[in-house]
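>>> Here is a sequence together with a model predicted from it:
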Amino acid sequence: MTIQTDQSTVFNTFHSPAQTQNVQVVDGVKAVTSKIMRAPFAFDSLVLSVNYRTQTDGLLLLEAQVGRQGKWSRFYKLGLFSKDFQSSFPPQQDEFAQVQTDMLALSVPADCYRYRISLYGDMEVLLLAACATRAGQAAPRTDLPQGAFRAQVEPISQMCVNHKDKKRICSPTALTMALNYFGARLTLETVMREVFDPAQGIYGNWIFNTACAGLHGVESYVRRFESLAELPQFVNENCLTLASISYKKGELPGAAIESTAGHLVLVTGYENGRIWTADPAAATPQEVVRPYPAEEFARAWLVRKRGVAYIVRKK
């Protein structure tokens with residue numbers, strides 16, 4: 001969990017069964033509603049992540065509700081999960097918030113939230129994480145810790161895949177590299193199928209990517225960073241980070257692609273003022289592993305994308 005300061009714009013936390021307020025069972029569906037959760041500041045976005053286990057035909061519906069000054073929104077549907085498929089929902093928007101694919105974006109900052117998990121069959125929740133943020137961004141801290149680390153991953157280039165969507169599969173490509181680093185031995189095609197969001201027609205839904213990872217023997221969740229100094233906790237022999245970056249032409253020296261409004265790379269290490277990545281947009285597998293200057297990488301990640309990332313770690 002991030003240590004909060006008065007300047008913090010990010011709140012990352014995990015939730016446990018002990019935080020349950022209400023449980024109802026109707027027609028075989030178990031609905032678990034949490035207690036009221038409060039962030040240390042008024043927040044304008046909320047992301048929930050879930051890892052689960054099911055052997056048969058279990059279903060899981062993840063929902064969130066936000067409150068401010070004693071008034072509560074409805075519950076917004078964030079994702080439907082099962083062993084064989086997953087899906088987001090049609091647009092949901094009202095005076096409180098709107099669901100932007102995988103993130104709840106608030107019209108006016110909220111001071112608290114609740115989640116509701118509806119379970120059917122043998123579905124079991126293994127991990128539930130939340131990430132709340134507020135507007136405003138301090139200058140990113142680019143200082144790196146002393147020492148160095150580099151994970152040796154098997155490179156995969158999305159550009160070498162014979163698929164019509166090869167330019168849109170950075171997330172499952174980076175995730176496949178991370179999972180295989182921890183011994184999963186998955187094909188990119190398998191991960192693409194498991195993360196695909198048919199309602200949006202995309203492969204980059206954050207909560208489906210982390211849920212997919214959780215099915216393959218690791219823990220995974222969405223987290224936001226405020227500083228590169230946090231990396232040693234999340235880039236080491238037991239944990240890797242998939243960072244969302246955005247940059248214009250010339251802003252990220254050595255970039256695999258000229259510019260992007262949103263792209264996922266696997267952060268594999270750091271040393272001597274550089275961030276090592278496995279960038280799936282490289283033209284060939286031999287060019288996937290590459291370093292980026294820390295300051296420019298921090299701008300592309302911590303500023304442009306508010307530090308959003310997927311964490312993939314050993315249990």
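Now that the structure is in, tell me what you want to look at. Numbering: from 1, shown residues only.
>>> so how far is Glu230 from Pro109?
Separation of Pro109 from Glu230 (C-beta to C-beta, to the nearest Å): 24 Å. Every residue, glycine included, has its C-beta placed from N, CA and C.
>>> Neighbour count: those two, which is higher?
Counted by other C-beta atoms under 10 Å, Pro109 and Glu230 do not tie: Glu230 has more neighbours, with 21 against 16.
>>> residues in contact with Cys239?
Contacts for Cys239 (C-beta atoms under 8 Å, 6 or more residues apart in numbering) come out as Gln233, Ile311, Val312, Arg313, Lys314.
>>> residue nearest the centroid of this protein?
Val222 (3.0 Å; C-alpha atoms, centre = their mean).
>>> Quick check: beta-bridge partners of that one?
Beta-bridge pairing for Val222 (DSSP bridges): Tyr310.
>>> go on, Asn51?
Leu127.
>>> Number of residues surrounding it?
Neighbours of Asn51 using other C-beta under 10 Å come to 22.
>>> out of everything not next to it in sequence, what's closest to Ile245?
What sits nearest to Ile245 in space, not counting adjacent residues and going by C-beta to C-beta, 6 or more residues apart in numbering, is Ala300, at 4.1 Å.
>>> Settle this for me: the one you found is touching Tyr247, isn't it.
Yes: the pair Ala300 / Tyr247 is scored as a contact, 4.3 Å apart, by C-beta atoms under 8 Å.
>>> what residues are up against the residue nearest to the centre of the chain?
Taking C-beta under 8 Å, 6+ apart, we find Val222 in contact with Val47, Ser49, Asp102, Ala129, Cys131, Trp206, Ile207, Thr210, Val308, Ala309, Tyr310, Ile311.
>>> I'd like these as CSV, with secondary structure and pLDDT appended.
As requested, those are exported to CSV (DSSP: H, G, I helix; E, B strand; the rest coil; pLDDT from 0 to 100):
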residue, secondary structure, pLDDT
Val47, strand, 98
Ser49, strand, 98
Asp102, coil, 95
Ala129, strand, 98
Cys131, strand, 98
Trp206, helix, 97
Ile207, helix, 97
Thr210, helix, 98
Val308, strand, 97
Ala309, strand, 98
Tyr310, strand, 97
Ile311, strand, 98
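>>> Give the next helix or strand downstream of the longest helix seen in the chain.
Using DSSP state H to assign secondary structure, the helix with the most residues in the chain is helix 170-181. Next in sequence after helix 170-181, counting helices and strands by DSSP states H and E, comes helix 188-195.
>>> buried stuff in that next one?
Leu188, Thr190, Val191, Met192, Glu194, Val195 (16 or more other C-beta atoms under 10 Å).
>>> One more: stretch 235-244?
Result for stretch 235-244 [16+ other C-beta under 10 Å]: buried residues Val235, Cys239, Leu240, Thr241, Leu242, Ala243, Ser244.
>>> Next: stretch 165-180.
166, 169-180.
>>> Out of those, the closest to Ala42 would be?
Distance to Ala42, by C-beta to C-beta, is smallest for Ser171 among the buried residues of stretch 165-180, at 29.9 Å.
>>> The nearest residue to Ser82 once chain neighbours are set aside and Asp197: what is the separation?
Using C-beta to C-beta, 6+ apart and skipping residues adjacent in sequence, the residue nearest Ser82 is Leu59, 5.1 Å away. Going from Leu59 to Asp197 by C-beta to C-beta gives 16 Å.
>>> and if you look at Lys71?
Applying C-beta to C-beta to Lys71 and Asp197 gives a distance of 31 Å.
>>> And those two? Which one has more around it.
Counted by other C-beta under 10 Å, Lys71 and Asp197 do not tie: Asp197 has more neighbours, with 19 against 9.
>>> With that, I have no additional questions.
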